[in-house]
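K.L.:
okay, here's the prediction I keep looking at, along with the sequence it came from:
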Amino acid sequence: MKFHGASQETHLPDYNKRRADSADKPTGVNKIKNALRQTKRLLAKDTLAPGARIEAERRLKALERELEEKQLAEKERSRANRYHKVKFFERQKIHRKIRKLKRSLEEDPNDKVLRSELAESRVFLHYVMTFPQDQRYVALFADKTSEPKAPDADAPDRAHQKAAEFLKSVRKAVKKGILSKEPEVHLEEREQASRQKLINKGTKRQAQDDAARNITAGHNKQPKHSAKSVSHKTHQETIDSVSNGVEEDASDTEQETSDPHTSSEASSDSSDSEHGSESESSDGSSGASSDKDTSNARLLAKASQRQVDRRGKAASKTKHAESAASNARASTQKRGIAGDDFFAA
């Protein structure tokens, strides 16, 4: 008889063994069935080569074996989820009775009745913990009694007959030493380890929450500015920048108009142009000097035109800056009047 979770090396069952993995999902079963159908279609062909037929037959056997294993694992997972609650309560009841019997034996170690009850309770505990997951579980406390009742081997139900056979095999395994004679010790160790794991997990989660709370508190301590003060500050900065731009443009214009060098350059440019024109009209025989004077005159004319363009742009910029400054002052005055009316109301 195969005991679920039992090991001959440790004589203790593995209660927390993970039964299902990603390969045991129904999608894996469907893929295997599709591969089986394709392999059978391939074998149905008469023109298949002998080597390919041998390989397909091997693949067919492997797929059938894999499908059987996965279907069994799926059935075990379904039964385990179905009877998990029943097994848990029965395990707790039997474990509680074992602790009670052990305390009674400490007072009277020579009581044979208590010893036999303790041995039978330990067999029942093994029955609950190592019951095959691919079979329908037969409860020991089915009639809601305080004492466990062994399955009846003479019952007409096939599930009760299998459960009785399994209980009989458990008794033999305990006598031979295949299963532990004190399963409650291992059960207590596993429960303690599980509780400690939950405590560690909760402590780690609490530490993460505290760290996140501290970070949030640090961000909340930063100074906050109201939107009203920020908008007022931005508006005032705009007015100041526009006013400064107006003053700078006006000073640049005055400097350009009052600069003696600029006026002297303009007069010299005009005199040079007049001198160049006179020399060009009076001296028509020398072609080289005439071409040179003509190019100089063109350069001077371009310089004069650029200077005029700069002055026009400066004047236009000054005009736009003054208009923007006046608009900003008007909007500021309107806001102040609206605020006074609000507080007056």
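P.N.:
Noted; the coordinates are in hand.
K.L.:
how many neighbouring residues does residue 190 have?
P.N.:
Close neighbours of residue 190, defined as other Cβ atoms under 10 Å, add up to 15. For the C-beta atoms, the positions are set from N, CA and C on the backbone; glycine is no exception.
K.L.:
now name the helix or strand holding it.
P.N.:
helix 183-220 (DSSP states H and E).
K.L.:
can you give me the buried ones in that helix?
P.N.:
Along helix 183-220, these residues count as buried under the neighbour rule (16 or more other Cβ atoms under 10 Å): 183-184, 186-187.
K.L.:
got JSON lines for those residues, with distance to residue 93 too?
P.N.:
Output for the buried residues of helix 183-220, formatted as JSON lines (distance: Cβ to Cβ, whole Å):
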{"residue": "183", "distance to residue 93": "14"}
{"residue": "184", "distance to residue 93": "13"}
{"residue": "186", "distance to residue 93": "18"}
{"residue": "187", "distance to residue 93": "13"}
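K.L.:
among these, which two are most distant?
P.N.:
Taking Cβ to Cβ as the measure, the buried residues of helix 183-220 span a maximum distance of 7.5 Å, between 184 and 186.
K.L.:
skipping its backbone neighbours, what lies nearest residue 151 in space?
P.N.:
What sits nearest to residue 151 in space, not counting adjacent residues and going by Cβ to Cβ, 6 or more residues apart in numbering, is residue 163, at 3.9 Å.
K.L.:
what do you get for residue 179?
P.N.:
Using Cβ to Cβ, 6+ apart, the closest residue to residue 179 is residue 173 (4.5 Å).
K.L.:
residue 50 and residue 57: what is the separation?
P.N.:
Taking Cβ to Cβ, to the nearest Å as the measure, residue 50 falls 11 Å from residue 57.
K.L.:
tell me the pLDDT of residue 296.
P.N.:
At residue 296, the model reports a pLDDT of 76.
K.L.:
correction: the previous question concerned residue 266.
P.N.:
Checking the pLDDT column for residue 266, the value is 40.
K.L.:
residue 30 now?
P.N.:
Reported pLDDT for residue 30: 89.
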